[in-house]
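Peer 1: Show me how the following folds:
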Amino acid sequence: MNFIDFKTQLTDFTVFSLSDIRKINENFDLRRLAEWQQKGYIKGIIKGYYVFSDASVNEQTLFEIANKIYSPSYISLESALNFYNIIPEGVYRITSISTKRTYTFNTEEAVFSYRTLHPKLFFGYHLISDHNKTYKFAEAEKAVLDYFYLNPRINNKEDIESLRYNSDVFLKLIKKRKFRSYLRRYDSPALTRRIKLLMETMEND
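Peer 2: Numbers count the residues shown, from 1 in each chain. From the prediction side, this is the model:
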């Protein structure tokens, strides 16, 4: 298989794996991958995952890559909070939740960071489609809960204020009934106390 045929068959893939390649050609010569990397046609993201070198990479593309290279996972924590404009600062890594172990990939495209949650807490995300690309992304309520659950050091009003949450955006986005329903599923009195303090801080800002 020459590169033109290869690219044509994988043109709809933002990131492709060895498994994807085997689906289009089960007898594919893996030596071609090393050859095409040397020629600058493709780039490795992590072991076994590649992108075309001329592909346009933006935030949405990075979200899709994050989902693909470490699955199951969904975008959450700082990346989601920034996306929803709840936190003001730009985020310099793509942060996700996974049921696998906590891990970070440092790549040429971005730093992809994953935090572990128990499978029973792997919920509260939806699918976002962008130009026929789809990725899992936390709802605003779940992104907040994930962040507080995984950062127990945030346990007083001063800690919460230091996060610089945009209270107007927060109160507009966070649906209280859904927020409480999701919170109950964590079954954590400590988290419940801290979220109550968060709500009081946002409402009195």
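
Peer 1: for this protein, which spans come out with low pLDDT?
Peer 2: For the chain, not a single residue meets the criterion pLDDT under 70.

Peer 1: Which strand or helix spans Y74?
Peer 2: When elements are assigned from DSSP states H and E, Y74 belongs to strand 73-75.

Peer 1: Domain-wise, how is this structure divided?
Peer 2: Under automatic domain parsing, the residue ranges defining each domain of the chain are 3-52, 59-203.

Peer 1: since we're on R184, how many residues are nearby?
Peer 2: Per other CB atoms under 10 Å, the neighbour tally for R184 reads 9. Backbone N, C-alpha and C define where each C-beta goes, glycine included.

Peer 1: re the thing from before, highest mean neighbour count out of the domains of the chain?
Peer 2: Using mean count of other CB atoms under 10 Å, the stretch among the domains of the chain with the greatest mean number of neighbours is domain 59-203 (a mean of 17).

Peer 1: Need the contact partners of stretch 136-152.
Peer 2: Applying CB atoms under 8 Å, 6 or more residues apart in numbering, the set of residues contacting stretch 136-152 from outside is 63, 67, 72-78, 80-81, 83-84, 86, 97, 115, 117, 121, 123-128, 154, 170, 173-175, 178-179, 182-183, 186, 188, 190-191, 194-195, 198.

Peer 1: do the same with stretch 97-112
Peer 2: The set of residues external to stretch 97-112 that reach it, using CB under 8 Å, 6+ apart, is 43, 45-46, 51, 57, 62, 65-66, 69-74, 76-77, 92-94, 96, 113-119, 122, 138, 146.

Peer 1: From those residues, which land in helices?
Peer 2: 62, 65-66, 69, 77, 146 (DSSP state H).

Peer 1: dump the residue contacts of the closest residue to D29 other than its chain neighbours.
Peer 2: For D29, ignoring the flanking residues on the chain, the nearest one in space by CB to CB, 6 or more residues apart in numbering is M1 at 7.9 Å. By CB under 8 Å, 6+ apart, the contact set of M1 is 25, 28-29, 32.

Peer 1: The residue nearest the centre of the chain bridge partners, please.
Peer 2: Nearest residue to the geometric centre of the chain (CA atoms, centre = their mean): I75, 2.3 Å. For I75, the beta-bridge partners under DSSP bridges are S96, F137.

Peer 1: Wait, it touches Y135, no?
Peer 2: Yes - counting by CB atoms under 8 Å, I75 touches Y135, with 6.7 Å between them.

Peer 1: Looking at the contacts of M1, which are in helices?
Peer 2: Going by DSSP H, the helices hold R32 from these.

Peer 1: Just give me the closest of the contacts of M1 to D12.
Peer 2: Proximity of these to D12 (CB to CB) peaks at N25, which lies at 15.9 Å.

Peer 1: any idea how far I45 is from the closest one?
Peer 2: Relative to I45, N25 is positioned 21 Å away (CB to CB, to the nearest Å).

Peer 1: which residues touch stretch 117-127?
Peer 2: Defining contact as CB under 8 Å, 6+ apart, one finds that stretch 117-127 is touched by 72, 74-76, 97-99, 134-139, 141-142, 145-146, 149-150, 182, 185-186.
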